[in-house]
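>>> Compute the structure for the input listed below.
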Amino acid sequence: MSTLTRTLPLRRQSQIDEKALTRMIKVTGGITSGIFSILSQLAIAAIESGEERILSRDILCGDRLQAVLGEPV
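Predicted coordinates:
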């Protein structure tokens with residue numbers, strides 16, 4: 001995971017704990033492309049907000065993750 005987050009165009013080091021990683025795996029079903037997609041979208045949101053890093057709260061907060069994933073169908 002640290003290798004993947006280092007490839008993102010963020011100025012600050014992301015902080016993703018085990019609980020957030022577990023949630024991301026659960027939401028994506030462990031599908032790698034889903035994890036990449038979520039991290040890419042969270043990186044864009046982090047850049048736009050000025051935070052310049054992904055935090056565990058971005059993944060654990062239902063509203064933030066839902067905004068990245070979109071509305072369920």
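>>> Only the buried residues of the lowest-mean-pLDDT helix or strand in the chain, if you could.
In the chain, the helix or strand scored least confidently by mean pLDDT, DSSP states H and E is helix 62-69, which has a mean of 71. Within helix 62-69, the residues scored as buried using 16 or more other C-beta atoms under 10 Å are 65, 68. The way it works is simple: take the backbone N, C-alpha and C, and place the C-beta from them, glycine included.
>>> ok, now how distant is residue 33 from residue 40?
From residue 33 over to residue 40 the distance is 10 Å, taken as C-beta to C-beta, to the nearest Å.
>>> helices and strands around the least confident helix or strand of the chain, which ones?
Helix 62-69 sits against helix 18-28, helix 32-49, helix 56-60, with contacts defined as 3 or more C-beta pairs under 8 Å, 6 or more residues apart in numbering; DSSP states H and E.
>>> can we see that at 7 Å?
helix 32-49 (3 or more C-beta pairs under 7 Å, 6 or more residues apart in numbering; DSSP states H and E).
>>> Which strands and helices lie in contact with the helix it packs on?
With contacts defined as 3+ C-beta pairs under 7 Å, 6+ apart, the packing partners of helix 32-49 are helix 18-28, helix 62-69.
>>> Much appreciated, bye for now.
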